[in-house]
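Colleague: This is a predicted model, with the sequence first.
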Amino acid sequence: MAAPERFRARRSLWIALVLSILVHAAWSLWPAEPPKSADDVVLSATLTEMPVPPAAGAKTAESKPRPKPKRVVPVAPAEPPATEASLPANESMPALAPDPALATDKPLAQVAPEALAPPTPGKTLPPRLDLAYKVFLGTQGFLIGEATYRFEHHGNEYRIATVAQARGLAALFFRGQGKIESTGLITVDGLQPHEFAVERGSSDKREVAHFDWDAGLVTLHDNTMLPLEAPSFDPMTLMWQAYFTPPEAPVQTLNVVTTRRVVNYTVAREGNETITWPQGEIETERWHRKSDDGRIDAYFWLAPQMHYVLVKMRVSQTSRGTLEALLDTIRVDEPTGE
């Protein structure tokens, strides 16, 4: 009787061991969702209007020699103004009659309270802001996706990146899905990109264009070096440029740099147009660009009352037909107090 009991005990131990191994194996191989990056988290607080752009930094990144100090030349002190005591006896200072319009017995605080009140600070651009667009196929509102672009800034440095995977609006510039990012400086002339990167589906397919403004050269992903002349932007900074430097001339000529080429753009202001977006109706300026070969027609709607943010965009005659993008929401990651 002792032998069968020992066999049953040993068998129970083996079963427990096998079960333990299976449990640990299942636990270690169970598919777990990877942690989200900062670009995967959508901001929550919603704005109804665009805040004021952040202060610009230096005009360019070029290093300029400091001007030599000027030699100080002593200057004789100016003669003091004539007073009634210093005038001749037969002359006197003219009497100044009080202005009846200014005569009042009220204290200054009641006459001009706004002059004594502290200035009200304006709403400035928060450290992070998302522009979320709805993307449509054609002009009949057939929704095909969304595209969210995040603007971050610290000091005079900026970063623009797609949130999660780029869809819809990114297809206006690139085929397929991926991540798009631009980094550079905020200057008095707007955004000055230093690096533009595209991940076409995965990180091992990353392409980068480098901007060397001191040397006047841009290096594409295949190490091709081309002349870099202002004004030049990548597709991401082009979306934000009018926000920082509103267009003045009715015709704008600029260069658009991608990771593979440099294209010269000429856009013209065609007129004003009222369009409807989720916050209501808004007055916009409609800008038009047609490619030299006539294959691509692009329209851009900028809203002056929202600091010329890109509210709507349409690209026609592409390999995917006509695509439209309409601004849906403006989001930040902090309470707005509205």
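Modeller: Thanks, I have the structure now.

Colleague: Roughly how far does the residue nearest to Tyr158 when sequence neighbours are not counted sit from Ala268?
Modeller: With C-beta to C-beta, 6 or more residues apart in numbering as the criterion, Tyr158 has its nearest non-adjacent residue at 5.4 Å, and that residue is Ile186. Just so you know, the C-beta spots here come from the backbone N, C-alpha and C atoms, and that holds for glycine as well. Taking C-beta to C-beta, to the nearest Å as the measure, Ile186 falls 27 Å from Ala268.

Colleague: With Thr245 instead?
Modeller: For Thr245, the distance to Ala268 - C-beta to C-beta - is 17 Å.

Colleague: now swap in Ser291 and tell me
Modeller: 14 Å.

Colleague: For Pro54, the count of nearby residues, please.
Modeller: For Pro54, the neighbour count with other C-beta atoms under 10 Å is 18.

Colleague: Phi, psi for it please.
Modeller: With angles defined as degrees, to the nearest 10, Pro54 sits at phi -70, psi 160.

Colleague: so what's the nearest residue to it once chain neighbours are set aside up against?
Modeller: Nearest residue to Pro54, sequence neighbours excluded (C-beta to C-beta, 6+ apart): Leu125, at 4.9 Å. Shown in contact with Leu125 (C-beta atoms under 8 Å, 6 or more residues apart in numbering): 51-54, 151, 153.

Colleague: Please tell me how far Leu125 sits from Leu47.
Modeller: When Leu125 is compared with Leu47 (using C-beta to C-beta), they lie 10 Å apart.

Colleague: on that earlier part again, what helices or strands is the helix or strand encompassing the residue nearest to Tyr158 leaning on?
Modeller: Under the criterion DSSP states H and E, the helix or strand holding Ile186 is strand 179-187. Identification of packing neighbours for strand 179-187 by 3 or more C-beta pairs under 8 Å, 6 or more residues apart in numbering; DSSP states H and E yields strand 157-162, strand 190-199, helix 235-244.

Colleague: That one vs helix 235-244, what angle?
Modeller: Using axes from the mean of the first three to the mean of the last three C-alpha atoms, to 10 degrees, the inter-axis angle of strand 179-187 relative to helix 235-244 is 40 degrees.

Colleague: and the angle from strand 179-187 to strand 157-162?
Modeller: Going by the same axes, to 10 degrees, strand 179-187 makes 160 degrees with strand 157-162.

Colleague: what pairs with strand 179-187, and is each one parallel or antiparallel?
Modeller: strand 157-162 (antiparallel), strand 190-199 (antiparallel) (DSSP bridges).

Colleague: most packed of these?
Modeller: Comparing those by mean neighbour count (mean count of other C-beta atoms under 10 Å), strand 190-199 ranks first with a mean of 21.

Colleague: Check what contacts the next helix or strand after that one and list those residues.
Modeller: Later in the chain than strand 190-199, the nearest helix or strand by DSSP H and E is strand 206-212. Residues from elsewhere that reach strand 206-212 (C-beta under 8 Å, 6+ apart): 184, 192-200, 218-221, 228, 232, 234, 257-260.

Colleague: Can you get me a residue count around Val262?
Modeller: By other C-beta under 10 Å, 17 other residues sit near Val262.

Colleague: Could you give the bridge partners of it?
Modeller: Val262 has these beta-bridge partners by DSSP bridges: Val257.

Colleague: Report the spatially closest residue to Ile144, excluding sequence-adjacent ones.
Modeller: Per C-beta to C-beta, 6+ apart, closest to Ile144 is Leu137, 4.8 Å.
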